[in-house]
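Chemist: Here's my sequence, what's the structure:
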Amino acid sequence: MNGTSLLVFGLTSTEERIYRHFLRNPGTQGEDIHVLLHAPRDAVEAAQNRLSRLGLLHGDRGAVFATDPETAVDRLTDLRLRELHEQLQQVTQSRHLIADLRAEQGAKSTVPQGVERLEVLSEIRNRIDDLAFFAREEILSVEPYTALTADNIAHSRPLDTRCLRRGVRVCSVVRREVLDHPPTVAYLRELTAQGALIRVAEDLSERILVYDRRTALVPVDPADTSRGALVTQQAGLVSNILALFEKIWDQAVDLSQLIDAGAASPDVPSEIERRVLEELCRVGKDETGARNLDISVRTYRRHVADVLRILDASSRPHAALLARERGWI
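Modeler: Numbers count the residues shown, from 1 in each chain. You can find the predicted model right below:
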């Protein structure tokens, strides 16, 4: 049992992640947390309710706050001692959790003008997820990858979709080599169909992430991302990073231009197009299909029009038939 984990007190891993989340982000809304945690909504809601009953979370007009770590640990300790007297030694030795939770609570209360260094991959991924989750206006990125794995896509899709659905402007520059990897191209086309702006650069080595033009994340060593990442809100540094992004963006080419130039019609449908086609075959009402895909009816109908045009279909049943013939569904 890890001495810095709340699991020793009988919390589940999901409950601990939720509690730590609200330590890092006090006063935020509890909705859509399941997207950030990549967990089922009902499981996350049940976990939040249990944390509230235990007194580890409390709300104020929709905003959620985590109980002070010392109070929370004291409360959990008392409950555990009453339930499991035989584990008294193990529980009382875990009170040093307060320092660990204090450190997490203070992670976002550091002076914003400083530079924070993250060295553990899981910490970097969690910080990126947090920054994307709370972005309100814009996410800018330069991503020098040549292909995305199925796991990469599965992890990114819920947060990317949530940002675009909320109207966050997403601008990304990727390497030209991604055009040689059909699954990656399909996912990028899916994002552009939802409103993302994606460009392609010939020679790309920088990795840049900027959120709402206030917070920037870059690798410690661009040649070796395993060495960690730097996060800053220092205005001068963020301004310089933004200038570098704008230079790369201006020299890049729109993804759709390269795709359209490469083929008259797509060999592989985007993920959203494939899912829309599946809904066309399963349901009759646009409202039902849109709800199943967690998009607006207007967006759903736009995608329907797109697949009809791509397939040169005269009707929705005709589109479904052509899609089956091509092996798309």
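
Chemist: going forward, measure contacts and count neighbours with C-alpha atoms only.
Modeler: Noted.

Chemist: Need the pLDDT of Leu84.
Modeler: On the pLDDT scale, Leu84 is placed at 61.

Chemist: swap in Val44?
Modeler: The per-residue pLDDT of Val44 was computed as 91.

Chemist: what's the answer for Asp151, then?
Modeler: 89.

Chemist: Quick check: the gap between it and Gly228.
Modeler: 21 Å (CA to CA, to the nearest Å).

Chemist: Which residue of those two possesses the greater neighbour count?
Modeler: Shown here are Asp151 and Gly228; by other CA atoms under 10 Å, Gly228 has more neighbours (18 against 8).

Chemist: which residues does the more buried one contact?
Modeler: By CA atoms under 8 Å, 6 or more residues apart in numbering, the contact set of Gly228 is 117-121, 124, 219-221.

Chemist: switch to 7 Å and redo it
Modeler: 118-120, 219-220 (CA atoms under 7 Å, 6 or more residues apart in numbering).

Chemist: Kindly give a single PyMOL line that selects the buried subset of those.
Modeler: Burial among those is assessed by 16 or more other CA atoms under 10 Å; the matching PyMOL selection reads:
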select buried, resi 118+119+219+220
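
Chemist: Among the contacts of Gly228, which one lies nearest to Pro144?
Modeler: Nearest to Pro144 among the contacts of Gly228, counting by CA to CA, is Pro219 at 12.0 Å.

Chemist: Leaving out sequence neighbours, find the closest residue to the closest one.
Modeler: Ala229 (4.1 Å; CA to CA, 6 or more residues apart in numbering).

Chemist: any residues touching stretch 207-222, and which ones?
Modeler: Against stretch 207-222 from outside (CA under 7 Å, 6+ apart): 131, 135-144, 206, 225, 227-233, 238.

Chemist: chain center to stretch 273-287, what's the gap?
Modeler: Distance of stretch 273-287 from the chain centroid (CA atoms, centre = their mean, to the nearest Å) equals 25 Å.

Chemist: That should have said stretch 152-161, apologies.
Modeler: With CA atoms, centre = their mean, you get 6 Å for stretch 152-161.

Chemist: If any of the contacts of stretch 207-222 are buried, put those into a ChimeraX selection.
Modeler: Of the contacts of stretch 207-222, the buried ones go into a single ChimeraX selection, burial set by 16+ other CA under 10 Å:
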select :131,135,138,139,140,141,142,143,144,206,228,229,230,231,232,233,238
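
Chemist: Sitting in strands, which of the contacts of stretch 207-222 do you find?
Modeler: Taking DSSP state E, the ones among those that sit in strands are 138-143, 229-232.

Chemist: surely Leu204 meets Pro144?
Modeler: Yes - using CA atoms under 7 Å, Leu204 is in contact with Pro144, at 5.7 Å.

Chemist: so what's Ile329 up against?
Modeler: 274, 278, 323.

Chemist: Please enumerate residues in contact with the host helix or strand of the first one?
Modeler: In this structure, Arg274 sits in helix 271-282 according to DSSP states H and E. Contact with helix 271-282 is made by 186-187, 190, 289, 303-304, 307, 320, 328-329, as judged by CA under 7 Å, 6+ apart.

Chemist: quick one: low-confidence parts of the protein?
Modeler: Judged by pLDDT under 70, the chain has its weakly predicted residues at 1-4, 84-100, 102-103, 105-113, 260-269.

Chemist: ranges for the helices of the stretch 151-300 of the chain?
Modeler: With DSSP state H, counting those that start in this stretch, the ranges of helices along the stretch 151-300 of the chain come out as 182-193, 235-251, 255-262, 271-282, 286-293, 297-311.

Chemist: Check the stretch 1-150 of the chain too.
Modeler: Along the stretch 1-150 of the chain, counting by DSSP H, counting those that start in this stretch, helices occupy 13-24, 33-37, 41-53, 69-83, 88-92, 97-105, 121-134, 150-165.

Chemist: Which secondary structure elements does the longest one sit against?
Modeler: By that I understand helix 150-165. In terms of contacts (3 or more CA pairs under 7 Å, 6 or more residues apart in numbering; DSSP states H and E), helix 150-165 is packed against helix 33-37.

Chemist: go on, the third one?
Modeler: Using 3+ CA pairs under 7 Å, 6+ apart, the elements in contact with helix 41-53 are helix 13-24.

Chemist: Report the buried residues of the helix it packs on.
Modeler: Applying 16+ other CA under 10 Å to helix 13-24 flags 14-24 as buried.

Chemist: Okay, angle between that helix and helix 41-53 too, please.
Modeler: 70 degrees (axes from the mean of the first three to the mean of the last three CA atoms, to 10 degrees).

Chemist: May I have helix 13-24 exported as CSV, CA atoms only?
Modeler: Below are the C-alpha coordinates for helix 13-24, written out as CSV (Å, rounded to 0.1, in the frame of the first residue of the first chain):
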residue,chain,number,x,y,z
SER,A,13,-8.9,5.5,-6.8
THR,A,14,-11.7,7.5,-8.5
GLU,A,15,-12.7,9.1,-5.2
GLU,A,16,-9.0,10.1,-4.5
ARG,A,17,-8.6,11.5,-8.0
ILE,A,18,-11.7,13.6,-7.5
TYR,A,19,-10.6,14.9,-4.1
ARG,A,20,-7.1,15.8,-5.4
HIS,A,21,-8.7,17.5,-8.4
PHE,A,22,-10.7,19.9,-6.2
LEU,A,23,-7.6,20.5,-4.1
ARG,A,24,-5.9,21.7,-7.2
